[in-house]
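[1] Predicted model follows, preceded by the sequence.
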Amino acid sequence: MIKNDLKKQINKHIEKMSNPLSEMADKIFDYAEMGFQEYKSSALLCHWLETRGFKVMRGICGLDTAFRATYEFGKDGPSIGLLCEYDALPIGHACGHHLQGPVMLAVADALKNIVFDTPFKLIVYGTPAEEGLQGKARMLEKGCFKDMDVALMVHAADYTTVDVKSLAGARLDVKFKGVAAHQSLAPELSRDALDGLILAFQGIEFLRGHIKDDVRLFYGIKDCIGMPSNQDQTKAEGYVVFRTYHSGDVGELEKRIANIFKGAALMTGTEVEIVKSHEMVGKLPSHILNKLILDNAEALSAPQILRPYRQKTGSTDFAFVSRQVPSAVCRVAFVPEGTPSHSKAFLEAGKSQRAHEAILLGAKIIAAVVVDLIYNPETFQAVLQEHQRIKAEEQKLSSASFQVS
């Protein structure tokens, strides 16, 4: 009864903030700032938190647009991380990140003002540059997220659901270097760097028939003779990105792809340099947190609930956090089923009434999950224990895969 009454009070508090939350989301939508350039968006969120009595640290981890805000009631209670993103894509907020900050600020403010009889700590992390630049991975390297017991996030979607797996993988940048010679008078002395790159890409096409079905391979040319910026026929640069839902396969895939580039260099008499520019890890699921999210979503009559929930999603830097602490993302429907993110339709719905309603719903769901965690020590401990077990199982599988390869 205590929990149910608290959830009702929290919901009323969140509803009272409807207009300012919608206005905040619309401003971030209009700013449409890309990764590590989210100065206005970050400042807007920080200012709001400061005015509501949170302790805010701006520019943490050497990242100008990252921030950390805290509130603690009592001592030695669960430490709950509320993470939000606010970076846009080149076409604008076509992934719904502009909604995340308002959701988590509403959660934090409601809990701060309503819960007074059990200890807990809230940590709101502003995490820039999710889209391709892995802001959370950089923050983790600098020591962030170690002060949380649990991490929660929300994301706009076409279903209200959660997910289990995300893609792991890496990006390899390659540079081929050839030898220049007159191709008509002394072709036997010429070694074409672009030949090496094209041959390697052809090898990657042949690789597709000898890997698991869920592996994704993407490649492209960055620089070569014929491009306006390139006046050096001895140089050709490209990249390949590979992704898989089987985290234990990443090392073997990287090795096989690198061997293709080395083989292409050998066949064309060129030299190749291979550099891994970044790596993506797969997320570790928290089945208990996922269940709490969907149970609370159903209690709130959330639209377009997907059960059984989604097993797979794309790549995300939130996966790095999930390997440190139990983590889960609540996906909240605000567009028709089947509408893909990163699309024009997703973008056009960004300031819609449904988007504004999704802010309130997402905040209510996440706040309810936090209430469940801080008022149920057994559930909280079960979440922590499950994470340790899944992490150990993952490490065991990765070791076995490494030994086989």
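    In hand now; what should we look at?
[2] Only C-alpha atoms from now on, for both contacts and neighbour counts.
    Will do.
[3] How about Gly289: what's its closest non-neighbour residue?
    Careful, residue 289 is Leu and not Gly. Nearest residue to Leu289 in three dimensions, chain neighbours excluded: Ala328, at 6.2 Å (Cα to Cα, 6 or more residues apart in numbering).
[4] Is the one you found in a helix, a strand, or coil?
    strand (DSSP: H, G, I helix; E, B strand; the rest coil).
[5] Quickly find the element holding the residue positioned nearest the centre of the chain.
    Residue closest to the average C-alpha location in the chain (Cα atoms, centre = their mean): Thr316, at 2.7 Å. Using DSSP states H and E, Thr316 sits in no helix or strand.
[6] My read is that it contacts Glu130, right?
    Yes. Assessed by Cα atoms under 8 Å, Thr316 is found in contact with Glu130 at 7.1 Å.
[7] got a list of what the residue nearest to the centre of the chain touches?
    By Cα atoms under 8 Å, 6 or more residues apart in numbering, Thr316 lies in contact with Glu130, Gln134, Ser166, Leu167, Met280.
[8] And it, how far from Ser343?
    Using Cα to Cα, to the nearest Å, one obtains 18 Å as the distance from Thr316 to Ser343.
[9] chain center to the longest helix belonging to the chain: distance?
    Assignment by DSSP state H gives helix 377-404 as the longest helix of the chain. Offset of helix 377-404 from its chain centre (Cα atoms, centre = their mean, to the nearest Å): 21 Å.
[10] what helices or strands is it leaning on?
    helix 287-299, helix 353-375 (3 or more Cα pairs under 8 Å, 6 or more residues apart in numbering; DSSP states H and E).
[11] quick one, helices of this structure?
    Counting by DSSP H, the helices of the chain are 2-16, 18-31, 39-51, 100-114, 135-141, 193-207, 250-268, 287-299, 318-322, 344-348, 353-375, 377-404.
[12] Tell me where the model's unsure across the stretch 151-300 of the chain.
    Scanning the stretch 151-300 of the chain for pLDDT under 70 picks out the ranges 183, 225-233.
[13] Please identify the deepest-packed of the helices and strands packed on helix 377-404.
    For the helices and strands packed on helix 377-404, the largest average neighbour count (mean count of other Cα atoms under 10 Å) is found in helix 353-375, namely a mean of 23.
[14] Now do it: distance to the chain's middle.
    With Cα atoms, centre = their mean as the basis, the mean position of helix 353-375 lies at 20 Å from the chain mean.
[15] Quick one: mean pLDDT over that helix.
    Confidence for helix 353-375, expressed as mean pLDDT, is 97.
[16] If you count neighbours, what's buried in stretch 30-47?
    Neighbour counts over stretch 30-47 (16 or more other Cα atoms under 10 Å) mark 31-39, 41-42, 45-46 as buried.
[17] Count the neighbours of Pro90 for me.
    When neighbours are counted by other Cα atoms under 10 Å, Pro90 registers 12.
[18] Revised request: answer the last question for Gln385.
    Every residue meeting other Cα under 10 Å relative to Gln385 is counted, giving 13.
[19] how close does it sit to Ala94?
    From Gln385 over to Ala94 (counting by Cα to Cα), the distance is 36 Å.
[20] now Asp192
    41 Å.
[21] how far away is the closest residue to Met267 other than its chain neighbours from Ile257?
    Closest residue to Met267 apart from its sequence neighbours, by Cα to Cα, 6+ apart: Gly196 at 7.7 Å. Applying Cα to Cα, the value for Gly196 to Ile257 is 14 Å.
[22] just Gly135 next, same as before
    Counting by Cα to Cα - Gly135 and Ile257 are separated by 26 Å.
[23] again, but for Glu33
    Taking Cα to Cα, one finds Glu33 at 34 Å from Ile257.
[24] related to what we said a few turns ago, and Gly196 and Ile257? Which one has more around it.
    Under the criterion of other Cα under 10 Å, the comparison of Gly196 against Ile257 puts Gly196 first, with 29 against 20.
[25] and that one, what is it in contact with?
    Phe176, Phe261, Ala264, Ala265, Met267, Thr268, Thr270.
[26] Redo those residues as a markdown table? Include neighbour count and distance to Val241.
    Listed next are those as a markdown table, based on neighbours: other Cα atoms under 10 Å; distance: Cα to Cα, whole Å:
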| residue | neighbour count | distance to Val241 |
| --- | --- | --- |
| Phe176 | 25 | 17 |
| Phe261 | 26 | 13 |
| Ala264 | 25 | 18 |
| Ala265 | 25 | 19 |
| Met267 | 13 | 23 |
| Thr268 | 18 | 23 |
| Thr270 | 23 | 22 |
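[27] which of those lies closest to Tyr309?
    Closest approach to Tyr309 among those (Cα to Cα): Phe261, at 39.2 Å.
[28] so who does the closest one touch?
    Gly196, Leu197, Ala200, Val272.
[29] One more pass at 7 Å, please.
    Listed by Cα atoms under 7 Å, 6 or more residues apart in numbering, the contact set of Phe261 reads Ala200.
[30] quick one on the thing from earlier: right, and the helices of the chain - which one's nearest Leu82?
    When those are compared (using Cα to Cα), the closest one is helix 100-114, at 6.1 Å.
[31] how is this structure carved up into domains?
    2-165+282-394, 168-280 (automatic domain parsing).
[32] do you know how far the residue nearest to Ala319 when sequence neighbours are not counted is from Cys95?
    Using Cα to Cα, 6+ apart and skipping the chain neighbours, the partner closest in space to Ala319 is Lys283 (4.0 Å). As judged by Cα to Cα, Lys283 and Cys95 stand 19 Å apart.
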